[in-house]
Each structure stands twice: as C-alpha cells, then as structure tokens.
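>>> what's the 3D shape of this:
(4 chains)
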Protein chains: 2
Amino acid sequence: MIVDPSADDRLDRAFMALADPVRRRIIARLSRGPATVNELAEPFQITLQAVSKHIQVLEQAGLVTRSRDAQRRPVHLDAAQLEALTAWIDRYRLIHEQQFRNLDALLATTRGAEAATSDADPEAGTAQEATES
Amino acid sequence: MIVDPSADDRLDRAFMALADPVRRRIIARLSRGPATVNELAEPFQITLQAVSKHIQVLEQAGLVTRSRDAQRRPVHLDAAQLEALTAWIDRYRLIHEQQFRNLDALLATTRGAEAATSDADPEAGTAQEATES
DNA sequence: TCCTTATTCAACTCAATGCTTGATCAACCG
DNA sequence: CGGTTGATCAAGCATTGAGTTGAATAAGGA
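Numbers count the residues shown, from 1 in each chain, chains lettered A, B, ... in the order given. The predicted structure is shown next:
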C-alpha cells in the first residue's frame, strides 16, 4: 500500500509508534523474545483487535517483524530500527553538547585572562550542516 | 494545565513530538543554538501560528525551554529529555541483544560438541524484569 | 467434516492533530 | 503617544488515531 517509504516517513512512523504506552509495553515485552498476538494482548484491557492494530502500527514502523507458525503469527522485535531512532536523537544531542562546550570555552576566553585554547576552540569544527528532517 | 506529568505521559509527549518532520527540523535547528519563533518558522511554508503550536508541543514534551528577551521568546533545546528517550530505547534494545546472544550460545551448545560456555551462558543474567511502559 | 483457536477485516464512534484566518497582547522605537 | 514587531489566543475545518462490535478467514484437532 505504501509507495514512498522515505527516511522522513520511516522516522515519522517509528516515533509515532513509540508515542503510545501500549505499544511501548509491547516493545518491552518483545525485547525478552517473540510472542503471539494473544500473548501480547493478555496484559491489556482492550480487545484483541485493538492489539492487532497496534502490532500493525509497529510493523509498518519497521520496529517488529512477523513470522508464521500454523495459525499463529509470532511477532519479533527488530532492533535495527530502534537503533535508527537513537542514531537520530544522538546526532542532534551531540551537536548540541558540542555547542555547549564551545560556548563554555568562549566564555572562558572572554572572562578569563589570556585567550588560551585550553580545550575546545569556539571557532573550530562547528558541526557542519544539519539540514535533515 | 497538566496535573499528571507521569513518566508514561512524558514519554508519550516526547515521542509524539518527534513524530513530525517539522518538529524534528526544529530540533535539528536548535541543536546549533537557540532561536526565536520567527527564525524557526522561516524555512517552512506554514503560518507562524502553526510553528508556534509546534513549539508548544515540543515545550510540553520537555524537549525545549523558553526564555525572555524583550518581545522575543528564544527557544532552547533541552538535551536531558533527548537523553531520556535514548535511555528508554536503549534499555530494550540492549535486553533484546542480550537475548540474542543467549540464544546463539544455546544453539551452540545444542548443536555443537560439548556444552562449553565459550562466551555467554544461556542461563546466566537473564536481564531481570522489564515491566515498565 | 465440524468445531475450536488465532488473527484479521470492515464499519463506525469519539477525541485529538495540524492547519488556517482573524483578533489580541506585549514590548520596543520614533 | 502611535506604529511596528514578535508572538499568542480563539474558533473552525479536515484528517487521523484509538477504540469498539460484528463478521470473515485460516489452520489444527476430534
């Protein structure tokens, strides 16, 4: 059905998928191993159909995959997509922290005695471009 | 307005906030330093009001904070909340990977010659509990 | 074959999002 | 003071999301 799984789109779906406590609990459960829809639905008060939909959301987000075992459809966690999310977050988190260090260094040179580049040069390596979504 | 900023709720909001390309681009921009609403709105085709709302979403998610500078309201990235997100993801990602190593080891002992614990013991440290949301 | 188990599809409701336009508030500037 | 800049509030509209009930499909088991 989906024709354009752009990088943006994949992040949209993955972050959206984790923005629901039911789905996060499903992920938490799957981190300990595969499970069927019925097993996954057990802890919740909602209907099986609702859980089935949650799993579809996780699947479309690339966070889980499914196999076949007779009439069962075991769900497996896909760690690669989780990694993609931390990669996105860390990218900007680290740029930000670098900016912070630069600012500290700048303040040190402004306030302090001589302009000694003690640690980080405020002008150097200003984390080139971050155009992305 | 909000009375219950439960851990669950904060994660809900934060992941939801990142599930939108506009808001992710705002985060990307802010990683390079604070910016005003007008500056943040500049790259987008949508109205200033829409961007203002996006910023409010990010603020309620704890991902950004705001200060005062005359009639301007500079927005700053809050890296702590970004860190909380990677922490959540990594928790289950690492449990999952540990499970994988355990499985590999188990297969090795089952398939292989002797039950030598070459690397990881399938029975050991089974990553205790992961009840959380 | 009939019955049960496992899961999904379809249609519908209800609440929340994302966006818009128009008006308002707050602070600076001449 | 009057105008401009920066940003938010308010109301309305279209779309999407989470949940439901009821029916359908699919594979095993007696």
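
>>> Buried residues, the lengthiest helix in chain A. List them.
Secondary structure assigned by DSSP state H gives helix A:79-111 as the longest helix of chain A. Going by neighbour count (16 or more other CB atoms under 10 Å in any protein chain shown), the buried part of helix A:79-111 is A:79, A:81-82, A:84-86, A:88-93, A:95-99, A:102, A:105, A:108-109. Bear in mind the C-beta positions are built from the backbone N, C-alpha and C, glycine included.

>>> and if you look at stretch A:30-48?
Using 16+ other CB under 10 Å as the test for burial, stretch A:30-48 gives A:Leu30, A:Ser31, A:Arg32, A:Pro34, A:Ala35, A:Val37, A:Leu40, A:Ala41.

>>> Just the ones of the residues you listed in helices?
If you go by DSSP H, these have A:Leu30, A:Val37, A:Leu40, A:Ala41 in helices.

>>> ok, now which ones touch the first one?
By CB atoms under 8 Å, 6 or more residues apart in numbering or on different chains, the contact set of A:Leu30 is A:Leu40, A:Val64, A:Val75, A:His76, A:Leu77, B:His96.

>>> Leaving out chain neighbours, which residue sits closest to the last one?
Yep, that's B:His96 we're talking about. A:Ser31 (4.3 Å; CB to CB, 6 or more residues apart in numbering or on different chains).

>>> And A:Leu11, how far from B:Leu107?
A:Leu11 sits 34 Å away from B:Leu107, going by CB to CB, to the nearest Å.

>>> Surely A:Asp9 forms part of a strand?
No. Going by DSSP: H, G, I helix; E, B strand; the rest coil, the assignment for A:Asp9 is helix, not a strand.

>>> Tell me the pLDDT of it.
On pLDDT, A:Asp9 comes in at 92.

>>> swap in A:Glu42?
Note on A:Glu42: pLDDT of 96.

>>> Quick check: A:Ala41 touching A:Val51?
Yes. Contact criterion CB atoms under 8 Å: A:Ala41 and A:Val51 qualify, at 3.9 Å.

>>> In a strand, A:Gly62, correct?
No. Per three-state DSSP, A:Gly62 lies outside any strand segment and is coil.

>>> got the contact list for the closest residue to it other than its chain neighbours?
Distances taken as CB to CB, 6+ apart place A:Gln81 nearest to A:Gly62, at 4.3 Å, with adjacent residues excluded. A:Gln81 makes contact with A:Arg10, A:Ala14, A:Ala61, A:Gly62, A:Leu63, according to CB under 8 Å, 6+ apart.

>>> Relative to DNA strand D, how far out is A:Gln81?
Distance from A:Gln81 to DNA strand D, counting by CB to the nearest atom of the strand, to the nearest Å: 17 Å.

>>> got a pLDDT number for that residue?
So A:Gln81 comes in at 96 (pLDDT).

>>> same check, this time on A:Thr117
pLDDT recorded at A:Thr117 is 41.

>>> what residues does chain A put near chain B?
With CB under 8 Å from any CB of the partner chain as the criterion, chain A meets chain B at residues A:8, A:11-13, A:15-16, A:18-21, A:24-25, A:27-33, A:77, A:79, A:82-83, A:85-86, A:88-93, A:95-97, A:99, A:127, A:130-133.

>>> again, 6 Å this time
Residues of chain A lying close to chain B by CB under 6 Å from any CB of the partner chain are A:8, A:12, A:15-16, A:18-19, A:21, A:24-25, A:27-28, A:31, A:33, A:77, A:79, A:82, A:85-86, A:89, A:92-93, A:95-96, A:99, A:130, A:133.

>>> Spatially central residue for chain A, please.
With distances taken as CA atoms, centre = their mean, the residue of chain A nearest its centroid is A:Leu85 (2.5 Å).

>>> re the thing from before, show me what contacts the residue nearest to B:His96?
For A:Ser31, the contact set (CB atoms under 6 Å, 6 or more residues apart in numbering or on different chains) comprises A:Leu77, B:Tyr92, B:Ile95, B:His96.

>>> closest to DNA strand C among those?
If you rank these by distance to DNA strand C using CB to the nearest atom of the strand, A:Leu77 comes first, at 15.6 Å.

>>> separation between that closest one and A:Ser31?
Counting by CB to CB, the separation of A:Leu77 from A:Ser31 is 6 Å.
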